[in-house]
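Enquirer: Structure for this input, please:
(one chain, ligands or ions: 1)
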Amino acid sequence: MRATARVTEKREGDGIGAYSNAMWGGRFAAGPGAIMREINASIPFDKALWREDIAGSRAHAAMLAAQGIISGEDAAAIDAGLALIAQEYELEGVPEDWDLEDIHMTTESRLGELIGAAAGRLHTARSRNDQVATDFRLWVRAACERAEAGLAALQRALVTRAGEHAADIMPGFTHLQTAQPVTLGHHLLAYYEMLRRDRSRFAAARARMAECPLGSAALAGTGFPIDREATAKALGFARPTANSLDSVSDRDFALDYLSAAAQCALHLSRLAEELILWASQPFGFVRLPDALSTGSSIMPQKKNPDAAELVRGHSGRIAGALVSLMVTMKGLPLAYSKDMQDDKPPVFEAAGLLELSLAAMAGMIADSSFDTARMRAAAEAGFATATDLADWLVREAGVPFREAHHIAGAAVKLAEERGTALDALPLADLRAIDARIDERVFAALSVENSVAARASYGGTAPTRVREQVEAARQELGMDD
Ligand code: ARG
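Expert: Predicted structure coming up:
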């Protein structure tokens, strides 16, 4: 029976150190030992690193043997054991035993069960600090590659649709007010450009993380004659890291990934928002694919753009992951601190959300149908060619642009009062505003002429858009 008056009380089955504290332990079901075990365990999430952990260990063991630090026989047993563990994990998943804390100890403990004493030689000249830094880099490097592939797929969808709609006219907006006519192809290619920058950010992050921390050991390096070039090469890194203290404390690679992911997610959220807006009834510019929409449980007419809304929403969580890791790392002294164990959940979460968002957007762009007639009608409705009237006055009548802007403004006012389009105003009325206007102006006021005229490099003219589509197709290897 338990004595309640003692300051600490032994709990059954909690193992060493499992005492409930009578001063503060009232609210805890378990004693400090169990709390420590729970707060310490990273295996529930870092088991996702098992492939990288095994690859790192195999490279390390091979190097130890090549350097004569362990025997070839022990290295062979270690390697075979690790290969078997990989098979077990693949088939049965990674077991979650909190007492083994993390993926590193879980695997080493299983290795001991499988091959006996030789397992104890694997951790020579290594620490979990350089081990986890290496594993996590390998994981993040692969995540960069997946993001780049997902971005390329979405870019291909955008470029394909941009090619189909190179000459289809829609209103271009600033302040979400009709500004000037643009082509739908041009609009879609704007996102192609954003995603190009995203891809280069992931590629740059990947290049920067191409240095291997393995062999930095706990923080100071090791006294064993290891070959860090060999392990770096075996794991696909360009070279070993140059400072052991930095190696075990650096999480810049994860921050680089998250910051590229956050910017990419931000772009996806803007594209998602436009699709949501365009799919709304007042706009009616696009019909989103059924496969990426949902119905309402109460309103039979509804088709909701849930996938796009979730992409927009996920961008908040991805940006949150970046902030989370930045705040975790802020102010940490050299070298390793356990705070850094918290580096993984935000990265894992962001990667999952980003990859799903990229796939959802690729599907949405590929399979949406655009209502080009409605887009065109909207472009004609908002006096979108008022700038063309001003430009015409500058070009054909030598009017200074500021004055031409005024004249065009007066014409818009008149058209608005009459409830007609700009090019439906009678010539006489236009000439009453400014006598320098003649019948040739009407050609400039059509939306076709407006977009065709904007043929400056990077402009919205169909000719320019087709060139950009071609350049993009080449960049993406779509014509091979
Ligand atoms: N699970 C730990 C992490 O993810 C591994 C490193 C542990 N190192 C240590 N010195 N306790 O950070």
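Enquirer: Centre-most residue in this protein?
Expert: residue 261 (3.0 Å; CA atoms, centre = their mean).
Enquirer: So that one lies in a helix, does it not?
Expert: Yes: Residue 261: assigned to a helix according to DSSP: H, G, I helix; E, B strand; the rest coil.
Enquirer: and it, what is it in contact with?
Expert: 147, 318, 321, 322, 350, 351, 354 (CB atoms under 8 Å, 6 or more residues apart in numbering). For the C-beta atoms, the positions are set from N, CA and C on the backbone; glycine is no exception.
Enquirer: now residue 293
Expert: Residue 293 touches 303, 304, 305, 306, 307, counting by CB under 8 Å, 6+ apart.
Enquirer: Could you say which helix or strand holds the residue lying closest to residue 401 once chain neighbours are set aside?
Expert: Using CB to CB, 6 or more residues apart in numbering and skipping the chain neighbours, the partner closest in space to residue 401 is residue 394 (5.3 Å). Assigned by DSSP states H and E, residue 394 belongs to helix 386-397.
Enquirer: Give me the buried positions along that helix.
Expert: Buried positions in helix 386-397, judged by neighbour count with 16 or more other CB atoms under 10 Å: 386, 387, 388, 389, 390, 391, 392, 393, 394, 397.
Enquirer: ok, for the last one, nearest residue in space, not its chain neighbours?
Expert: Here the nearest residue to residue 397 in space, its sequence neighbours aside, is residue 436; by CB to CB, 6+ apart that works out to 4.0 Å.
Enquirer: What's the local residue count around the one you found?
Expert: A count of nearby residues for residue 436, using other CB atoms under 10 Å, gives 15.
Enquirer: Might you report the residue contacts of the closest residue in space to residue 184 that isn't next to it in sequence?
Expert: Nearest residue to residue 184, sequence neighbours excluded (CB to CB, 6+ apart): residue 165, at 3.9 Å. With contact taken as CB under 8 Å, 6+ apart, residue 165 is in contact with 183, 184, 185, 188, 370, 372.
Enquirer: if we can go back for a sec, what residues does the helix holding residue 394 touch?
Expert: Taking CB under 8 Å, 6+ apart as the rule, helix 386-397 contacts 180, 399-401, 403-405, 407-409, 411-412, 422, 434, 436-438, 440-441, 444-445, 449-450, 453.
Enquirer: How about the closest residue to the ligand within the stretch 351-480 of the chain, nearest residue that isn't a chain neighbour?
Expert: Residue nearest to the ligand within the stretch 351-480 of the chain: residue 351 (16.6 Å; CB to the nearest ligand atom). Nearest non-adjacent residue to residue 351, counting by CB to CB, 6+ apart: residue 143, 4.5 Å away.
Enquirer: Doesn't the residue nearest to residue 397 belong to a helix?
Expert: No: counting by three-state DSSP, residue 436 is not found in a helix; it is coil.
Enquirer: State whether it and residue 399 are indeed in contact, as I suppose.
Expert: Yes: Residue 436 sits in contact with residue 399 when judged by CB atoms under 8 Å, with a separation of 6.5 Å.
Enquirer: So which bits of the lengthiest helix in the chain are buried?
Expert: In the chain, with assignment by DSSP state H, the single longest helix is helix 128-164. Neighbour counts over helix 128-164 (16+ other CB under 10 Å) mark 128-141, 143-144, 147-148, 150-163 as buried.
Enquirer: Of those, which ones also sit close to the ligand?
Expert: 128, 129, 132 (CB under 6 Å from any ligand atom).
Enquirer: Tell me which residues touch the second one, please.
Expert: Residue 129 is in contact with 216, 217, 218, 219, 248, 335, 336, counting by CB under 8 Å, 6+ apart.
Enquirer: Just the closest of these to the ligand, please.
Expert: residue 336 (5.5 Å).
Enquirer: three-state assignment of that closest one?
Expert: Residue 336 ends up coil, using three-state DSSP.
Enquirer: So what does it have for phi and psi?
Expert: Residue 336 adopts backbone torsions of phi -80, psi 140, taken as degrees, to the nearest 10.
Enquirer: Just confirm it contacts residue 251, I think it does.
Expert: No: in this structure residue 336 lies outside contact range of residue 251 using CB under 8 Å: 10.4 Å.
Enquirer: ranges for the strands of the protein?
Expert: Shown for the chain, the strands assigned by DSSP state E span residues 8-10, 19-21, 169-174, 177-183, 211-212, 239-240, 286-287, 294-295, 303-304, 369-370.
Enquirer: and of those, who's closest to the ligand?
Expert: The nearest among the strands of the chain, by CB to the nearest ligand atom, is strand 211-212 at 16.7 Å.
Enquirer: Reformat the buried residues of helix 386-397 as TSV; add distance to residue 194 and pLDDT.
Expert: Formatted as TSV, the buried residues of helix 386-397 follow (distance: CB to CB, whole Å; pLDDT from 0 to 100):
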residue	distance to residue 194	pLDDT
386	29	92
387	25	91
388	28	91
389	32	93
390	30	95
391	29	94
392	33	95
393	35	96
394	33	96
397	39	93
